[in-house]
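Enquirer: sharing a sequence plus its predicted fold:
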Amino acid sequence: MADFDVDTWLDDYKPRTATAHICTRFDLLTEHADTERKLVETTADSARRKLAQRIVALETELAEAEKTFTFADIGGRWLALIGEHPPTKEQLETDPKLDHNPETFPAVAVAESSVEPKLTVRQVERMRERLQMTQWTKIWAATLEANIGMAAVPKSLLAGAVLRLNGSSGRTAARKASPARSS
């Protein structure tokens with residue numbers, strides 16, 4: 001690998017991103033659930049067709065009403081932020097394994113990781129206060145996924161199953177042989 005240019009690789013490096021889709025129309029969610037329940041209960045074809053059409057229309061409206069937030073890996077800044085927001089003594093008494101202050105770190109981490117839209121710490125604090133818990137959890141989960149998500153190259157279970165069904169190996173080759181003796 002003598003031709004590997006680290007600087008060029010780093011210049012072209014694209015950080016991991018993750019998105020959170022936040023629903024802004026709970027009235028539509030409620031109507032969707034009610035309409036779907038009616039669809040299950042209805043037996044007349046014409047009524048079922050109308051209900052199905054309404055569900056499709058509601059899903060379009062829901063998609064249009066959704067707000068998308070994109071977050072990107074901030075690299076070593078993540079660990080620096082953890083160091084800047086240590087847990088308090090009281091927090092450590094409750095959870096001795098805590099590595100950050102759960103009151104201050106999440107808002108700063110979300111703001112630093114935000115790409116589209118770019119968020120301020122104050123905006124994130126307001127989101128945390130105002131959003132429904134499931135919505136805030138989506139924002140925080142996307143931030144975590146972008147920064148500390150999956151580290152290994154993914155393996156497709158489906159691709160492996162298809163290959164095994166056709167008589168091929170469903171495993172990819174190891175990067176290099178293990179130096180240890182096999183068991």
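Expert: Received it, and whenever you're ready, just let me know what you need.
Enquirer: so His21 sits right up against Lys67, yeah?
Expert: Yes - look at His21 against Lys67 with CB atoms under 8 Å: they come within range, at 7.4 Å. The way it works is simple: take the backbone N, C-alpha and C, and place the C-beta from them, glycine included.
Enquirer: contacts only, for Glu36.
Expert: Contact analysis of Glu36 by CB atoms under 8 Å, 6 or more residues apart in numbering lists Ile55.
Enquirer: what pLDDT, on average, does whichever strand or helix holds it get?
Expert: Using DSSP states H and E, Glu36 maps to helix 26-41. The pLDDT scores in helix 26-41 average 93.
Enquirer: can you check stretch 147-154 too?
Expert: 66.
Enquirer: ok, the residue nearest the centre of the chain - contacts?
Expert: Most central in the chain under CA atoms, centre = their mean is Ala142, positioned 3.4 Å from the mean C-alpha point. The neighbourhood of Ala142, defined by CB under 8 Å, 6+ apart, consists of Ala18, Thr19, Ala20, Phe69, Thr70, Phe71.
Enquirer: run the chain-centre distance for the helix or strand hosting the fifth one.
Expert: Going back to what we said before, that points to Thr70. Using DSSP H and E, Thr70 sits in strand 67-72. Mean-position distance between strand 67-72 and its chain equals 9 Å (CA atoms, centre = their mean, to the nearest Å).
Enquirer: strands of this protein, start to end?
Expert: In the chain, the strands defined using DSSP state E lie at 17-22, 67-72, 114-116.
Enquirer: between these, which one is closest to Leu131.
Expert: strand 17-22 (7.3 Å; CB to CB).
Enquirer: re earlier: flag every buried residue along the helix holding Glu36.
Expert: Neighbour-count burial for helix 26-41 flags Leu28, Glu31, His32, Thr35, Leu39 (criterion: 16 or more other CB atoms under 10 Å).
Enquirer: again, but for stretch 41-49
Expert: Neighbour-count burial for stretch 41-49 [16+ other CB under 10 Å]: no residues qualify.
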